[in-house]
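[1] need a structure here:
(chains A and B)
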Number of protein chains: 2
Amino acid sequence: MNLIIVEPHELQPDNTVFLGDRRADHIRKVLRALPGDTVKIGILNGPQGTADLLEITQRGVTLQVTLGPDSPSEPETDLILALPRPIMLKRVLAQSAAMGVARIFLINANRVEKSFFHASLLTNESYRDFLIQGLEQAVDTWLPEVSIHTRFKPFVEDFLPEIKKECPVRLVAHPGSQKSLPKSVSLPLQQRVLLAIGPEGGWVDFEIEKFLSQGLSPFSLGPRILRVDSVVPALLAQLTLLRQIKEQAFLSPDR
Amino acid sequence: MNLIIVEPHELQPDNTVFLGDRRADHIRKVLRALPGDTVKIGILNGPQGTADLLEITQRGVTLQVTLGPDSPSEPETDLILALPRPIMLKRVLAQSAAMGVARIFLINANRVEKSFFHASLLTNESYRDFLIQGLEQAVDTWLPEVSIHTRFKPFVEDFLPEIKKECPVRLVAHPGSQKSLPKSVSLPLQQRVLLAIGPEGGWVDFEIEKFLSQGLSPFSLGPRILRVDSVVPALLAQLTLLRQIKEQAFLSPDR
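    All right, here's what the predicted structure looks like:
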């Protein structure tokens, strides 16, 4: 936990906040903070700042919060993800929040096990905890927006046309493709990206055709087949890198 | 398990192999193969090919193996990794093997918990299983070479000078650096890379200075602090991408 994250409604009008849960445990037992000490704090979907520790009791800790001026900027990537098994979903949600994703569309696909949609992680919205853990790790406060789509075809035909309007770059990861990512986007990458990642075993032909008909470009990471908890950080990191490459840096690297 | 991996000594002179462990279970229960069916097979550190299923008994399965001509090529990345906690190490070893790493140097650092070196995962060499799981996933047979270094200074002073001879590009991931990866390497990246990744909490100043004095270049992924099971796939994927970028692709992307 590299940032203590507080929900907006927890902050009192006098800018104090009382924490009695694992965040209080972290402040007391990991940070070993004492009254007078300062910790880093962030408001979910809001600014970051510092918090002075006013009081520690058996029930928890009271903090006096001072916030900076800047709200987080919206990440420039949206993720369409064939719903993975719950244990993987937990990791991938934390990874996605940590690396910066605006929207996550969890969708059905031929090779998604239908039972995954009934996991308690989804039905009671406990997945939100894993997003917040990712933000605590990465020192960010932008909570990705998650939506769940139990039918593939209506998602692609009815939702995708709206979603893609905001994303000029539209990609679908597909091990069968011959194209690598640098050949599938214009460099330097400066636009918002929509990225679709398939289930274990990949998208079936029908699904790839539907994505192509919606204007998504297929690309492949290479011949290696990776698990979704490697693919997600791998592809998000590649997009980050493509955003960092400037023409000048490419033509005359400074070393 | 996208590839059944067999140790060289398991292969009989008549090119048959008997499997009685989880590989046999996979062939029977996941692939549901029957005598006459063919499965993909690879020899550890050797060629890949196909195997005809000759016989299924309660004890296991017997396969007739036909191998291709090509042994795997050595990956072009070596990894220095501050020893992570065992649960993370399992994931990171599988991820590294899956993404292609030649050598993994597990080293001590100021912020590594000393108890991690006594984990049974290391002392009984069971970490090898996780490397092989990564290869089975990624359809590769190159087993990364793992070595364990319990003291930081002797590693950097005595081993690193030898290690780096094979790696013209030498990098150390350090969140404090202002340089991004594309600014730290010459593009297109065509040489072997040595990449050092620190512990939770990062390298301490002394460690960074020692790496710099050995000619490693510091770079940062950006302001986000990621867990090691996200950092490893993220950085290996960025190196892969830098190897894929050709000048032409950069100047005139084909879209």
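[2] how about the helices in chain A?
    A:22-25, A:86-99, A:120-123, A:127-138, A:152-154, A:160-165, A:181-184, A:205-213, A:228-244, A:247-251 (DSSP state H).
[3] quick one, what contacts whichever residue of the stretch 51-200 of chain A sits closest to chain B?
    Nearest residue of the stretch 51-200 of chain A to chain B (Cβ to the nearest Cβ) works out as A:Ala138 at 4.1 Å. All C-beta spots, glycine's among them, are computed from the backbone N, C-alpha and C. Residues in contact with A:Ala138 (Cβ atoms under 8 Å, 6 or more residues apart in numbering or on different chains) are A:2, A:97-100, B:224-226.
[4] one step back: worst mean pLDDT among the helices of chain A?
    Lowest mean pLDDT within the helices of chain A: helix A:247-251, a mean of 49.
[5] Near chain B, which residues of the stretch 101-250 of chain A are found?
    A:137-140, A:180-187, A:217, A:221-227, A:229-231, A:233-238, A:240-242, A:244-247, A:249-250 (Cβ under 8 Å from any Cβ of the partner chain).
[6] What subset of these is buried?
    Buried subset of these (neighbour count, 16 or more other Cβ atoms under 10 Å in any protein chain shown): A:137-140, A:180-185, A:187, A:217, A:221-222, A:224-227, A:229-231, A:233-238, A:240-242, A:244-245, A:250.
[7] From A:Ile27, how far out is A:Val39?
    6 Å (Cβ to Cβ, to the nearest Å).
[8] Which one of those two is surrounded by more residues?
    The neighbour comparison of A:Val39 against A:Ile27 (other Cβ atoms under 10 Å in any protein chain shown) goes to A:Ile27, with 23 against 18.
[9] Pretty sure the more buried one sits against A:Leu19.
    Yes. Taking Cβ atoms under 8 Å as the definition, A:Ile27 is a contact partner of A:Leu19 at 7.3 Å.
[10] where do the contact lists of those two overlap?
    Shared contacts of A:Ile27 and A:Leu19, counting by Cβ under 8 Å, 6+ apart, come down to A:4, A:61.
[11] A:Glu145: what's its closest spatial neighbour, skipping adjacent residues?
    Of all residues not flanking A:Glu145 in the chain, A:Arg103 sits nearest, at 4.8 Å (Cβ to Cβ, 6 or more residues apart in numbering or on different chains).
[12] Quick check, that neighbour in contact with A:Leu79.
    Yes. Here A:Arg103 reaches A:Leu79: they are 7.2 Å apart, a contact under Cβ under 8 Å.
[13] Please enumerate the shared neighbours of those two.
    Joint contacts of A:Arg103 and A:Leu79 (Cβ under 8 Å, 6+ apart) are A:Pro144.
[14] any idea how far the nearest residue to A:Gln214 once chain neighbours are set aside is from A:Arg170?
    Leaving aside its sequence neighbours, A:Gln214 sits nearest to A:Leu160 (Cβ to Cβ, 6+ apart; 5.2 Å). Spatial separation of A:Leu160 from A:Arg170 under the definition Cβ to Cβ is 9 Å.
[15] With just CA atoms, put stretch A:89-105 into PDB.
    Taking C-alpha atoms only, stretch A:89-105 is exported to PDB below (Å, rounded to 0.1, in the frame of the first residue of the first chain):
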ATOM      1  CA  LEU A  89      -9.600 -11.700 -12.700                       C
ATOM      2  CA  LYS A  90      -8.500 -10.500  -9.300                       C
ATOM      3  CA  ARG A  91      -4.900 -10.100 -10.400                       C
ATOM      4  CA  VAL A  92      -5.800  -8.600 -13.800                       C
ATOM      5  CA  LEU A  93      -8.100  -6.000 -12.300                       C
ATOM      6  CA  ALA A  94      -5.400  -4.900  -9.800                       C
ATOM      7  CA  GLN A  95      -2.800  -4.800 -12.600                       C
ATOM      8  CA  SER A  96      -5.100  -2.800 -14.900                       C
ATOM      9  CA  ALA A  97      -5.900  -0.200 -12.200                       C
ATOM     10  CA  ALA A  98      -2.200   0.000 -11.300                       C
ATOM     11  CA  MET A  99      -1.100   0.500 -14.900                       C
ATOM     12  CA  GLY A 100      -3.900   3.000 -15.800                       C
ATOM     13  CA  VAL A 101      -7.100   1.900 -17.600                       C
ATOM     14  CA  ALA A 102     -10.200   4.100 -18.000                       C
ATOM     15  CA  ARG A 103     -12.900   1.400 -18.700                       C
ATOM     16  CA  ILE A 104     -12.900  -2.400 -18.400                       C
ATOM     17  CA  PHE A 105     -15.500  -4.300 -20.400                       C
END
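[16] coming back round to it: what's the local residue count around the residue nearest to A:Glu145?
    Counted with other Cβ under 10 Å, A:Arg103 comes out at 18.
[17] Show the pLDDT at it.
    98.
[18] contacting residues around it?
    A:78-79, A:144-147, A:163.
[19] What distance do you get for A:Pro168 to B:Gln244?
    22 Å.
[20] per-residue confidence for A:Leu221?
    Value listed for A:Leu221 in the pLDDT field: 88.
[21] For it, what are phi and psi?
    Torsion angles at A:Leu221 (phi, psi; degrees, to the nearest 10) stand at phi -70, psi -20.
[22] show me the contacts for it.
    The neighbours of A:Leu221, taking Cβ under 8 Å, 6+ apart as the test, are A:173, A:175, A:180-181, A:231, A:234-235, B:237, B:240.
[23] switch the cut-off to 6 Å
    Shown in contact with A:Leu221 (Cβ atoms under 6 Å, 6 or more residues apart in numbering or on different chains): no residues.
[24] roughly how far apart are it and B:Phe116?
    31 Å.
[25] And for A:Pro218?
    Applying Cβ to Cβ to A:Pro218 and B:Phe116 gives a distance of 41 Å.
[26] swap in A:Asp140?
    28 Å.
[27] Now, of the contacts of A:Arg103, which are buried?
    A:78-79, A:144, A:146, A:163.
[28] Go through the longest strand along chain A and flag the buried ones.
    If you go by DSSP state E, chain A has its longest strand at strand A:48-56. Buried residues in strand A:48-56, counted by 16+ other Cβ under 10 Å: A:48-49, A:51-53.
[29] List just the nearest of the residues you listed to A:Leu63.
    Closest approach to A:Leu63 among the buried residues of strand A:48-56 (Cβ to Cβ): A:Ala51, at 3.9 Å.
[30] Provide a list of residues in contact with that closest one.
    A:39, A:41, A:63, A:65.
[31] Tell me the most packed of those residues, by neighbour count.
    A:Leu63 (27 neighbours).
[32] so how far is A:Ile43 from that one?
    Where A:Ile43 is concerned, A:Leu63 sits at a distance of 12 Å (Cβ to Cβ).
[33] Repeat that for A:Leu131.
    15 Å.
[34] Show me which of those two is the more surrounded one.
    More crowded of A:Leu131 and A:Ile43, by other Cβ under 10 Å: A:Leu131, with 23 against 20.
[35] Could you give the number of residues near the nearest residue to the more buried one once chain neighbours are set aside?
    In space, A:Leu131 comes closest to A:Ala97 once its chain neighbours are excluded; the distance is 4.3 Å by Cβ to Cβ, 6+ apart. The tally of other residues near A:Ala97 (other Cβ under 10 Å) stands at 26.
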